[in-house]
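Undergrad: here is the input, now give the coordinates:
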Amino acid sequence: MGNDLIDIKVAAPPKTANAHTWVEMHLPNAKTLGRYCAWGLGRVVFSLGLFSLYGVTAALKLGITICQATENAVKKLLKVYDALPYAGVPMSQVIEASAAVVEEPLEIITDIIAAIEGKQVMIIGEMGTGKSTLAQYLAYTIGGRVRVYECEGTPTDWQGLEVTGKGENWVAIDQGMAEDLEDLSKQMKIREERGDAALVGTERVIIVEEYPELVSKVSSSGEWLERHARRGRKARRFTVLLSQYDRVAAWGLEGKSDLADAFFRIRLGKKALAHAKSLKNEQLINWLKQDQSHCLLDDQPLKLPPYREMKAATVRGGSTIVQPYCDNAIQPQKRVENDLKPASGADLEENCSENDRVLWRLIGRVGEGKSDSAIVTEVLGFTGRRYGEGAALLERLRKQFGG
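TA: Predicted structure coming up:
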């Protein structure tokens with residue numbers, strides 16, 4: 001081994017400490033104290049910042065809570081306030097109409113002949129509203145032979161027309177309606193075999209005064225109404241039913257909506273007003289009150305021609321259209337059973353010649369100095385779509401009598 005020796009110092013064993021032993025402790029120097037102070041200052045700064053954030057957050061939460069509570073309270077107050085004009089009823093149950101009412105203009109029907117195309121007609125109105133005048137105007141404007149069922153008429157009613165049933169002759173009306181049904185069957189058979197063109201010139205108009213009264217007193221009235229409602233216009237048979245009653249039951253149509261749909265209802269006077277009120281249409285009610293020519297065609301406003309014009313048309317028609325059969329004061333009464341039977345060829349020629357002579361004398365007496373158009377419209381009574389027919393008649397009469 002070498003001679004080098006390692007000096008190993010053995011630590012002295014610690015002294016045993018007791019209550020009377022003093023331990024030596026050194027104070028930190030200035031550098032160490034400075035580091036501690038800096039750390040403490042930073043900790044205080046961070047703590048203050050965090051405390052400030054907590055304070056702001058708590059304040060904001062409190063503000064939000066207060067705002068929400070205030071908002072809810074104001075909303076409840078507004079509900080009560082808004083309901084005050086309606087006696088406390090909630091707004092959700094109130095519909096307030098706007099003060100500015102916008103009304104669309106009425107679509108007024110002025111051409112009644114075109115409007116009733118394809119259907120039969122009921123005229124409903126109280127006494128004195130012009131039901132019979134309107135019925136005759138329609139009859140003469142549409143054209144054709146005219147028959148009237150009237151149980152209470154006077155000798156001056158329905159001048160120039162065949163009238164059946166005067167003096168409450170229900171048997172005559174029943175028999176006449178039965179013949180109408182036979183005539184309708186013949187017309188439909190001709191139409192089936194030869195087409196619509198074969199029916200041109202065979203037009204007839206049937207006017208029934210106070211039809212609801214016939215429902216219970218004329219046994220054939222129900223079948224007559226049903227068949228004419230369904231097939232009358234196809235067979236060139238136009239029916240006009242008059243009444244003061246607007247109830248479906250009175251017409252015998254209760255439960256028969258399909259038959260009721262075959263008729264246009266023309267309501268006059270107070271009947272039109274009552275129907276407009278049932279529709280709750282104030283604009284229509286006010287329009288009806290403006291003029292007596294204002295009425296209703298079903299639910300639509302209808303303006304009739306002036307009363308004088310309709311009356312003049314009926315007078316012209318009654319004086320110029322000579323009916324081949326009559327049951328009134330103008331011509332001798334004929335048996336009802338012969339009314340609708342076709343005349344023989346000789347009788348037809350004789351009747352037509354007599355009619356032509358009457359018309360020609362009338363033209364010579366009334367139409368002197370008038371133009372052809374005035375003679376056709378004013379003397380012969382052919383207006384509107386029938387003007388061409390009247391012009392042809394005038395030309396034929398001139399050729400026949402050398403005028």
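Undergrad: can you give me the helices in the stretch 301-403 of the chain?
TA: For the stretch 301-403 of the chain, applying DSSP state H, counting those that start in this stretch gives helices covering 307-320, 345-366, 372-374, 387-401.
Undergrad: worst average pLDDT in the ones you listed?
TA: Sorting the helices of the stretch 301-403 of the chain by mean pLDDT places helix 345-366 lowest, at a mean of 61.
Undergrad: gap between L53 and G40?
TA: Remark: distance between L53 and G40 (C-beta to C-beta, to the nearest Å) = 21 Å. Using the backbone N, CA and C atoms, a C-beta is placed for each residue, glycine as well.
Undergrad: those helices in the stretch 51-200 of the chain, which residues are they?
TA: 112-115, 131-142, 170-194.
Undergrad: reformat those helices as a markdown table; add distance to V121.
TA: Below are the helices of the stretch 51-200 of the chain laid out as a markdown table (distance: least, C-beta to C-beta, whole Å):
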| stretch | distance to V121 |
| --- | --- |
| helix 112-115 | 9 |
| helix 131-142 | 7 |
| helix 170-194 | 16 |
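Undergrad: figure out which of these is closest to G201.
TA: helix 170-194 (11.9 Å; C-beta to C-beta).
Undergrad: any buried residues in the closest one, and which?
TA: 170, 172-180, 183-184, 187-188, 190-191 (16 or more other C-beta atoms under 10 Å).
Undergrad: repeat for stretch 214-230
TA: For stretch 214-230, a neighbour-count test (16+ other C-beta under 10 Å) marks L214, V218, S220, S221, G222, W224, L225, E226, R227, H228, A229 as buried.
Undergrad: need the max-distance pair from these.
TA: V218 and A229 (16.0 Å).
Undergrad: ok, and what's touching stretch 24-34?
TA: Y36 (C-beta atoms under 8 Å, 6 or more residues apart in numbering).
Undergrad: show me what the helix or strand containing L259 is packed up against.
TA: Take DSSP states H and E as the rule and L259 turns out to sit in helix 257-260. With contacts defined as 3 or more C-beta pairs under 8 Å, 6 or more residues apart in numbering; DSSP states H and E, helix 257-260 has these neighbours: helix 221-231.
Undergrad: restrict the helix it packs on to CA atoms and write it as PDB.
TA: The C-alpha coordinates for helix 221-231 follow below in PDB (Å, rounded to 0.1, in the frame of the first residue of the first chain):
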ATOM      1  CA  SER A 221    -148.600  19.100 -59.700                       C
ATOM      2  CA  GLY A 222    -145.800  17.100 -58.100                       C
ATOM      3  CA  GLU A 223    -145.000  15.000 -61.200                       C
ATOM      4  CA  TRP A 224    -145.500  18.100 -63.400                       C
ATOM      5  CA  LEU A 225    -142.900  20.100 -61.400                       C
ATOM      6  CA  GLU A 226    -140.400  17.300 -61.200                       C
ATOM      7  CA  ARG A 227    -140.500  16.500 -64.900                       C
ATOM      8  CA  HIS A 228    -140.400  20.100 -66.100                       C
ATOM      9  CA  ALA A 229    -137.600  20.800 -63.600                       C
ATOM     10  CA  ARG A 230    -135.500  18.000 -65.000                       C
ATOM     11  CA  ARG A 231    -136.300  18.000 -68.700                       C
END
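Undergrad: what about the next helix or strand after that helix, average pLDDT?
TA: Next along the chain after helix 221-231, taking DSSP H and E as the criterion, comes strand 237-243. Summarised as a single mean, pLDDT over strand 237-243 is 92.
Undergrad: what residues of strand 237-243 count as buried?
TA: By neighbour count on 16+ other C-beta under 10 Å, the buried set for strand 237-243 is R237, F238, T239, V240, L241, L242, S243.
Undergrad: so that strand versus helix 170-194, what angle?
TA: 150 degrees (axes from the mean of the first three to the mean of the last three C-alpha atoms, to 10 degrees).
Undergrad: okay, now the sheet partners of strand 237-243, with direction.
TA: Strand 237-243 sits in its sheet next to strand 120-124 (parallel), strand 204-208 (parallel), going by DSSP bridges.
Undergrad: so what touches the first one?
TA: Which is strand 120-124. 131, 134-135, 138, 228-229, 232-233, 238-246, 251, 262-268, 271.
Undergrad: following the helix holding L259, which helix or strand comes up?
TA: Following helix 257-260 toward the C-terminus (DSSP H and E): strand 263-267.
Undergrad: tell me what that next one is packed against?
TA: So strand 263-267, by 3+ C-beta pairs under 8 Å, 6+ apart, packs with strand 120-124, strand 294-297.
Undergrad: of those strands, which approaches V208 most closely?
TA: strand 120-124 (9.8 Å).
Undergrad: may I see the buried residues of the closest one?
TA: Q120, V121, M122, I123, I124.
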